[in-house]
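1. Build me a model:
(one chain, ligands or ions: 1)
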Amino acid sequence: MKAKTIGILTSGGDAPGMNAAVRAVTRASITAGYKVKAIYHGYQGLINGEIEEFTNESVSGIISRGGTILRTARCMDFLTVEGRKKAYEKFKEAGIDALVCIGGNGTLTGAMTFADEYDIQCIGIPATVDNDINGTDETIGYDTTLNTIMECVDKIRDTAASHERIFFIEVMGRDAGWLAQSSAIASGAEAAIVPESATNVDQLAQYIEKGIRKSKNSSIVIVSESPECGAMHYAERVKKEYPQFDVRVSILGHMQRGGSPSARDRILASVLGAVAVEAIKEGQHNIMVGMSNGEPVYVPFAKAIQVQAKNGAPMLKLVETLSN
Ligand code: F6P
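-> You can find the predicted model right below:
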């Protein structure tokens with residue numbers, strides 16, 4: 001009987017630990033007697049037929065590397081019926097039987113649509129620094145990025161304290177406040193501004209004064225990115241209304257997504273990669289694999305992509321309490 005062939009791709013924003021997941025899927029598949037076909041540039045590469053067979057050696061030495069060796073893309077063509085039709089033709093041509101899609105919300109939504117349209121066995125692995133995927137405790141990449149932000153904030157604290165300044169530090173997260181809230185706790189910031197909760201300037205001034213009163217002589221406010229209400233916006237308003245404060249802004253940007261994955265992300269990616277192959281063996285269809293309370297779980301795509309269902313600021317009150 002022909003061995004089953006598993007296709008694997010990474011898509012959307014890269015996240016540290018994606019390579020560890022690619023490695024785990026590849027090696028667990030080969031161990032189970034499957035063939036592995038790597039697809040480059042996410043769904044765009046599937047449409048273009050950028051497909052290559054992988055062996056155990058293909059994934060040697062990648063567990064410690066950030067980014068993704070498969071490259072990635074945010075593919076507009078895959079949002080169209082014609083694009084997915086082309087992708088399906090290449091999928092069949094390459095002899096792929098099941099597809100493992102590693103990425104965030106957009107990737108899982110794409111996998112769900114593709115699986116429904118063509119009755120394909122698709123398994124998702126949640127990998128995004130935003131940690132906004134429903135049904136899993138954490139996503140691959142979140143822990144590493146959180147640690148990177150924490151280290152940056154610690155450094156900014158040194159200069160903030162020396163100059164007795166207030167810093168607004170903008171972090172990633174798209175529509176979710178996980179990175180802002182958790183980095184604020186980990187770095188002892190005075191406040192976190194997250195999309196899940198409204199913050200006004202008077203409230204902010206209170207937090208800042210609290211920081212200054214505590215003889216720290218400085219304050220750090222972590223702000224979730226937002227096109228209208230990012231760190232710049234709050235800094236300008238505070239400067240205008242409280243000219244006594246010496247305010248600076250630091251936007252951390254894409255450096256947050258790079259770097260070698262933490263042990264926690266490598267382990268999560270390794271476990272989920274192996275669980276994805278188990279799911280294929282069991283004949284599971286159209287699910288994301290995740291971890292819930294430390295146990296592997298299968299989550300239907302439709303549930304996984306309900307990003308709003310995963311409250312990104314469950315510990316916001318704690319940031320406030322601990323900055324007292
Ligand atoms: O989804 C991951 C993420 O890093 C978000 O936090 C951020 O808003 C976005 O990707 C940035 O996307 P790009 O790399 O395309 O600029």
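2. element containing A20, please.
-> For A20, the enclosing helix or strand under DSSP states H and E is helix 18-31.
3. and that helix, which residues are buried?
-> For helix 18-31, a neighbour-count test (16 or more other CB atoms under 10 Å) marks 18-30 as buried. Glycine gets a C-beta too; all of them are placed from N, C-alpha and C.
4. what ranges do the strands span in this structure?
-> Assigned by DSSP state E, the chain shows strands spanning 5-10, 35-39, 51-54, 98-103, 121-126, 166-171, 191-193, 219-224, 247-251, 287-292, 295-300.
5. Run through who's touching the last one.
-> This means strand 295-300. 134-136, 271-272, 275, 279, 284, 286-291 (CB atoms under 8 Å, 6 or more residues apart in numbering).
6. Any chance of the residues you listed in CSV with neighbour count as columns?
-> CSV is the format used below for these (neighbours: other CB atoms under 10 Å):
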residue, neighbour count
N134, 19
G135, 22
T136, 22
V271, 16
L272, 30
V275, 21
A279, 22
Q284, 16
N286, 19
I287, 25
M288, 29
V289, 26
G290, 25
M291, 18
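7. ok so, going back, pipe the strands of the chain into CSV and attach mean pLDDT per row.
-> Formatted as CSV, the strands of the chain follow (pLDDT from 0 to 100):
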stretch, mean pLDDT
strand 5-10, 98
strand 35-39, 98
strand 51-54, 98
strand 98-103, 98
strand 121-126, 98
strand 166-171, 96
strand 191-193, 93
strand 219-224, 95
strand 247-251, 97
strand 287-292, 98
strand 295-300, 98
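8. Any chance of those in CSV with distance to D143 as columns?
-> Formatted as CSV, those follow (distance: least, CB to CB, whole Å):
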stretch, distance to D143
strand 5-10, 18
strand 35-39, 25
strand 51-54, 26
strand 98-103, 16
strand 121-126, 13
strand 166-171, 14
strand 191-193, 18
strand 219-224, 17
strand 247-251, 22
strand 287-292, 12
strand 295-300, 17
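9. What is the most widely separated pair among the contacts of strand 295-300?
-> With distances taken as CB to CB, the most widely separated pair in the contacts of strand 295-300 is V271 and N286, at 20.5 Å.
10. ok, how many other residues are close to I251?
-> 14 (other CB atoms under 10 Å).
11. List the contacts of it.
-> Contacts of I251 by CB under 8 Å, 6+ apart are I169, E170, G230, A231, M232.
12. and whichever residue of the stretch 101-250 of the chain sits closest to the ligand, how many residues sit next to it?
-> At 3.3 Å from the ligand, M172 is the closest residue in the stretch 101-250 of the chain, using CB to the nearest ligand atom. With neighbours defined by other CB under 10 Å, the count for M172 comes to 22.
13. Verify the contact between it and Q256 for me.
-> Yes: using CB atoms under 8 Å, M172 is in contact with Q256, at 5.2 Å.
14. what sits in contact with each of these two?
-> Shared contacts of M172 and Q256, counting by CB under 8 Å, 6+ apart, come down to V129, T145, L179.
15. Pick out whichever of those residues sits closest to S197.
-> Closest to S197, out of all of the shared contacts of M172 and Q256 and judged by CB to CB, is L179, at 14.7 Å.
16. need the helix or strand of this structure with the lowest average pLDDT.
-> Lowest by mean pLDDT, DSSP states H and E among the helices and strands of the chain is helix 201-211, with a mean of 78.
17. And that one, how far out from the chain middle?
-> 30 Å (CA atoms, centre = their mean, to the nearest Å).
18. Stretch 199-211 now?
-> For stretch 199-211, the distance to the chain centre is 29 Å (CA atoms, centre = their mean).
19. So for it, what gets flagged as buried?
-> T199, L204, A205, Y207, I208, E209, K210, G211.
20. could you dump these to a markdown table with distance to I125?
-> Formatted as a markdown table, those follow (distance: CB to CB, whole Å):
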| residue | distance to I125 |
| --- | --- |
| T199 | 34 |
| L204 | 38 |
| A205 | 43 |
| Y207 | 38 |
| I208 | 41 |
| E209 | 45 |
| K210 | 41 |
| G211 | 40 |
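21. outside of the helix holding A20, which residues touch it?
-> Contacts of helix 18-31 (CB under 8 Å, 6+ apart): 6, 8, 10, 35-36, 38, 54-56, 58-59, 62-63, 65-70, 72, 100, 102, 125, 127, 140-141, 261, 265-266, 269-274, 276-278, 280.
22. which among these end up buried?
-> The buried subset of these - by 16+ other CB under 10 Å - is 6, 8, 10, 35-36, 38, 54, 58-59, 62-63, 65-70, 72, 100, 102, 125, 127, 140-141, 261, 265-266, 269-274, 276-277, 280.
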